[in-house]
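Asks: Quick one: sequence plus predicted model below, questions after.
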Amino acid sequence: METCECGAARRKFWIWRDSNNVLHASSFEPTSGTVKTVIAATARDALLPMTSTRPPKHRVEDADDPSQVWEGRCESTIAVAAG
């Protein structure tokens, strides 16, 4: 299991669309409608990069492309505490 820099546990989430074209995040692989697979701390964090301009609370990474990262808000708190 991976962890965020702040220590929060992260796991794989599948982002998928239902028949009403609504995005969901699941910790289990859906049978159809998969849009993207990410590594995140929560389902809400997993969905934020797809549905909002707000940053997630914890870092989110694309599971298939580790170079695609959405920095979490907790990382700015860590940087302030370290500096």
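Replies: Structure received.
Asks: hang on, isn't residue 63 packed against residue 46?
Replies: No: with contact defined as C-beta atoms under 8 Å, residue 63 and residue 46 do not form a contacting pair (10.2 Å). (Each C-beta comes from the backbone N, C-alpha and C, glycine too.)
Asks: list the residues that contact both of these two?
Replies: Contact criterion C-beta atoms under 8 Å, 6 or more residues apart in numbering; residues shared by residue 63 and residue 46: residue 38.
Asks: Show me which of the two is the more surrounded one.
Replies: Comparing residue 63 with residue 46 by other C-beta atoms under 10 Å, the one with more neighbours is residue 46, at 30 against 15.
Asks: Can you read off the backbone torsions of the more buried one?
Replies: Residue 46 adopts backbone torsions of phi -60, psi -40, taken as degrees, to the nearest 10.
Asks: List the beta-bridge partners for residue 12.
Replies: On the basis of DSSP bridges, residue 12 is bridged to residue 39.
Asks: Compute the number of surrounding residues for it.
Replies: Per other C-beta under 10 Å, the neighbour tally for residue 12 reads 16.
Asks: That one contacts residue 27, correct?
Replies: Yes: if you go by C-beta under 8 Å, residue 12 and residue 27 touch, sitting 7.2 Å apart.
Asks: List the contacts of the residue nearest the centre of the chain.
Replies: When the chain is reduced to its mean C-alpha position, the nearest residue by C-alpha atoms, centre = their mean turns out to be residue 46, at 2.8 Å. Taking C-beta under 8 Å, 6+ apart as the contact definition, residue 46 lies against 13, 15, 25, 38, 40, 56, 60.
Asks: try it again with 7 Å
Replies: With contact set as C-beta atoms under 7 Å, 6 or more residues apart in numbering, residue 46 has these partners: 13, 15, 25, 38, 40, 60.
Asks: Same question for residue 7.
Replies: With the criterion set at C-beta under 7 Å, 6+ apart, residue 7 makes contact with nothing.
Asks: Helix, strand, or coil at it?
Replies: Assigned by DSSP: H, G, I helix; E, B strand; the rest coil, the conformation of residue 7 is coil.
Asks: Kind regards, and thank you for your time.
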